[in-house]
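1. Next input, structure requested:
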Amino acid sequence: MELTLDRLTREFGPKIAVDRVSATLAPGVYGLLGANGAGKTTLMRMVCGVLRPTSGEVRYDGAPIERMGDDYRALLGYLPQDFGYYPEFTALDFMEYMAALKGIGRRDARDRSLALLERVGLAGEERRRIRTFSGGMRQRLGIAQAVLNEPKVLVLDEPTAGLDPKERVRFRNLIAGFARDKIVLLSTHIVSDVEHIADEILMMRAGSVVLSGLPAGLVAEAAGKVWEATVPAARAEEFEAVLTVGNVRHAEGGRILLRYVADEPQVPGSASVEPTLEDLYLYVFRDGRPGALGAPVDVRATRASRGDHFKEA
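-> Predicted structure coming up:
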């Protein structure tokens, strides 16, 4: 089982939303990580056949999905960022309705729906109207409908957006449980959503995949680019205005410990520290900052324009 993205490109007028993306996906969880507007949703809609690429193609086991038609859709499970539902439907009504759309027989539809509602933690809620569900409950219903047809390819677009931390953890665990023997493509801009469950991560920026690989290997890309320094608390905002700061915490003596990413230390007394995936994310996706992919800014010029703020802190 293999899903191939071959130079996928999608243009909207003069704007290139996805630019020649190529990847080969085997069973496992792939985290598509990128800032809002990076092209993740456009790419996923092309993978699902909802949107036709301007050029390039998607192939499943060597066959173009456009030629496969319904055969490919039968292999596909999809949870869009804002999945549609009928507020007055009960959870069971909705599941059986989706089963009918997927061509699942009535008896199987009832059995599968009840089993999946139990698996996603909605047992006992099947007769409640969806309009009364919390955001987390609706997302769990969304993942249940996405796997109704036992898909080989499961596509999840920003599935934890708007959920509180507890629900996000619960949802990640659900995804990990459904991932066996499937190609799972999960897009997000929340690093923790993919840090612990993704077998491989693809980082998108401005329509292109700029980095891909195993989480541990990608984190190594940020080695030597993550720094910590203590500065006076009164000057913390000043430093945050010109540095890409990942974390701020209080230190002794009325000082602040800054953790920031940059190609070189920007604050006297900075110490290099071990990177995390979040550090790499900040390094890759910052805009107008030193070391950013795209249009970097000369920090020395920024310092001068601010009156050389970065003298001894």
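2. Roughly how far does the nearest residue in space to D157 that is not next to it in sequence sit from G142?
-> Spatially, and ignoring its direct neighbours in sequence, D157 is nearest to Q81 (4.5 Å; CB to CB, 6 or more residues apart in numbering). C-beta here means a position set from N, CA and C on the backbone, and glycine is covered the same way. Distance check for Q81 against G142: by CB to CB, to the nearest Å, it reads 10 Å.
3. okay, those two: which has more neighbours?
-> For Q81 versus G142, the count of surrounding residues by other CB atoms under 10 Å is larger for G142: 22 against 15.
4. Pull the contacting residues for that one.
-> Counting by CB atoms under 8 Å, 6 or more residues apart in numbering, G142 makes contact with L79, F83, P159.
5. Helix or strand: which one has the last one?
-> Meaning P159. Assigned by DSSP states H and E, P159 belongs to no helix or strand.
6. Just confirm the residue nearest to D157 is within a strand.
-> No. If the criterion is DSSP: H, G, I helix; E, B strand; the rest coil, then Q81 is coil and not within a strand.
7. my guess is it meets T160, correct?
-> No. Q81 lies out of contact with T160 (CB atoms under 8 Å); the separation is 10.5 Å.
8. what's the burial count for the closest residue to A38 other than its chain neighbours?
-> Distance criterion CB to CB, 6+ apart; nearest residue to A38, sequence neighbours excluded, is M204 at 4.3 Å. Using other CB under 10 Å, M204 has 27 neighbouring residues.
9. What pairs with the helix or strand hosting M204, parallel or antiparallel?
-> Using DSSP H and E, M204 falls within strand 200-205. Here strand 200-205 has these sheet partners by DSSP bridges: strand 28-33 (parallel), strand 208-213 (antiparallel).
10. Flag every buried residue along the last one.
-> Of all the residues in strand 208-213, those buried under the rule 16 or more other CB atoms under 10 Å are S208, V209, L211, S212.
11. who does the third one bridge with?
-> Assessed by DSSP bridges, L211 has beta-bridge partners M203.
12. List the contacts of it.
-> I201, L202, M203, L218, E221, L280, V284.
13. low-scoring stretches of the stretch 201-313 of the chain, by residue?
-> For the stretch 201-313 of the chain, residues meeting the criterion pLDDT under 70 lie at 287-313.
14. What ranges does it have for its helices?
-> Per DSSP state H, counting those that start in this stretch, the stretch 201-313 of the chain carries helices over the ranges 215-219, 236-240, 277-285, 299-305.
15. any idea which of those helices is most buried?
-> Greatest average neighbour count among the helices of the stretch 201-313 of the chain goes to helix 277-285 (a mean of 23), per mean count of other CB atoms under 10 Å.
16. and that helix, how far out from the chain's middle?
-> Relative to its chain's centre, helix 277-285 lies at 13 Å (CA atoms, centre = their mean, to the nearest Å).
17. Break the protein down into its structural domains.
-> If you go by automatic domain parsing, the domain ranges for the chain are 3-214, 220-305.
18. related to what we said a few turns ago, out of the strands paired with strand 200-205, which comes closest to A123?
-> If you check each of those against A123 by CB to CB, strand 28-33 wins as the nearest, at 25.4 Å.
19. which ones are touching R119?
-> A144, L174, G177.
20. quick one: it and R140, what's the gap?
-> For R119, the distance to R140 equals 9 Å [CB to CB].
21. and for these two, which residues touch both?
-> The contact sets of R119 and R140 overlap at L174 (CB under 8 Å, 6+ apart).
22. picking up where we left off before, what about the contacts of G142, which one has the most neighbours?
-> For the contacts of G142, neighbours were counted by other CB under 10 Å; the highest total belongs to P159, with 25 neighbours.
23. Spit out the contact partners of it.
-> The contact partners of P159, taken as CB under 8 Å, 6+ apart, are L79, Q139, G142, I143, F171, I175, L186, T188, D193.
24. One more: E221?
-> By CB under 8 Å, 6+ apart, the contact set of E221 is L211, L280.
25. quick one: it from I197, how far?
-> 20 Å.
26. May I have stretch 149-156 exported as PDB, CA atoms only?
-> Taking Å, rounded to 0.1, in the frame of the first residue of the first chain, the C-alpha atoms of stretch 149-156 are listed here in PDB:
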ATOM      1  CA  ASN A 149     -15.700   2.500   5.900                       C
ATOM      2  CA  GLU A 150     -12.400   1.100   7.400                       C
ATOM      3  CA  PRO A 151     -10.300   3.300   5.100                       C
ATOM      4  CA  LYS A 152      -6.800   2.600   3.900                       C
ATOM      5  CA  VAL A 153      -6.000   6.300   3.700                       C
ATOM      6  CA  LEU A 154      -7.200   8.600   6.500                       C
ATOM      7  CA  VAL A 155      -6.800  12.300   6.100                       C
ATOM      8  CA  LEU A 156      -7.400  14.600   9.000                       C
END
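27. Going forward, the N-terminal residue is numbered 14.
-> Done: numbering now begins at 14, and the last item shifts to stretch 162-169.
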